[in-house]
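Engineer: Below is the sequence, then the predicted model.
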Amino acid sequence: MTSPELEAQLRSVSLRVTRPRLAVLASVHAHPHADTDALIASVRAEVGSVSHQAVYDVLRVLTDAGLVRRIQPAGATARYEARVGDNHHHLVCRSCGAITDVDCSVHRAPCLTASDDHGYVVDEAEVVYWGTCPGCAAAPTNQPVPTGRNADE
Ligand SMILES: [Zn+2]
Ligand SMILES: [Zn+2]
Ligand SMILES: [Zn+2]
């Protein structure tokens with residue numbers, strides 16, 4: 001994404017273009033599924049000193065505006081990505097925490113039908129595929145990190 005494209009994204013949701021917003025948005029585009037610490041480091045490399053709070057605030061604004069999607073698999077820190085609006089899901093490795101995008105076969109939420117919606121207007125089914133990534137599956141000595149879920153021996 002070039003700077004003019006990022007500026008256009010901000011303007012498309014009526015956000016004023018500022019250097020921190022551009023830098024954070026560029027970092028999220030460049031580092032899909034990065035956590036806040038990684039994004040702060042990336043933004044600092046781009047614009048110099050910027051406070052944690054400033055980056056948190058910008059991430060919140062961008063997420064609220066729909067330019068950035070926040071995901072938080074159980075037991076993991078919050079991650080951010082710029083791939084929004086397609087209801088894609090994530091494969092998460094229980095062992096190393098790797099996160100990989102996987103297309104939703106339906107492409108829009110909710111992609112699962114509740115057996116009984118009890119009168120709720122359902123707009124999303126949260127889908128996370130948990131398992132072992134190819135790298136960890138191939139590693140002979142690797143022990144899964146406990147995640148609070150049952151890890152079969
Ligand atoms: Zn793994
Ligand atoms: Zn994703
Ligand atoms: Zn789906």
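Structural biologist: Structure's in. What do you need? Ligands and ions are numbered 1, 2, ... in the order given.
Engineer: can you list the residues of this structure near ligand 2?
Structural biologist: By the rule Cβ under 5 Å from the ion, the part of the chain lying against ligand 2 is E81, D101. In this view, the C-beta of every residue, glycine as well, is placed from N, C-alpha and C.
Engineer: quick one: the helices in the chain?
Structural biologist: Using DSSP state H, the helices of the chain run over 3-12, 19-30, 36-47, 52-65, 134-138.
Engineer: and for the longest one, what are the contacting residues?
Structural biologist: With Cβ atoms under 8 Å, 6 or more residues apart in numbering as the contact definition, helix 52-65 has outside contacts at 13, 15, 20-21, 24-25, 28, 36, 39-40, 43, 68-70, 80.
Engineer: separation between whatever residue of the chain ends up closest to ligand 2 and ligand 1?
Structural biologist: Closest contact between the chain and ligand 2, by Cβ to the ion, is at D101 (4.1 Å). Distance, D101 to ligand 1, using Cβ to the ion, to the nearest Å: 15 Å.
Engineer: Which residues are in contact with that residue?
Structural biologist: With contact set as Cβ under 8 Å, 6+ apart, D101 has these partners: P32, E81, R83, H88, H89, H90, L91.
Engineer: So it versus V43, what's the distance?
Structural biologist: 23 Å (Cβ to Cβ, to the nearest Å).
Engineer: Next: L15.
Structural biologist: In terms of Cβ to Cβ, L15 sits 16 Å off from V43.
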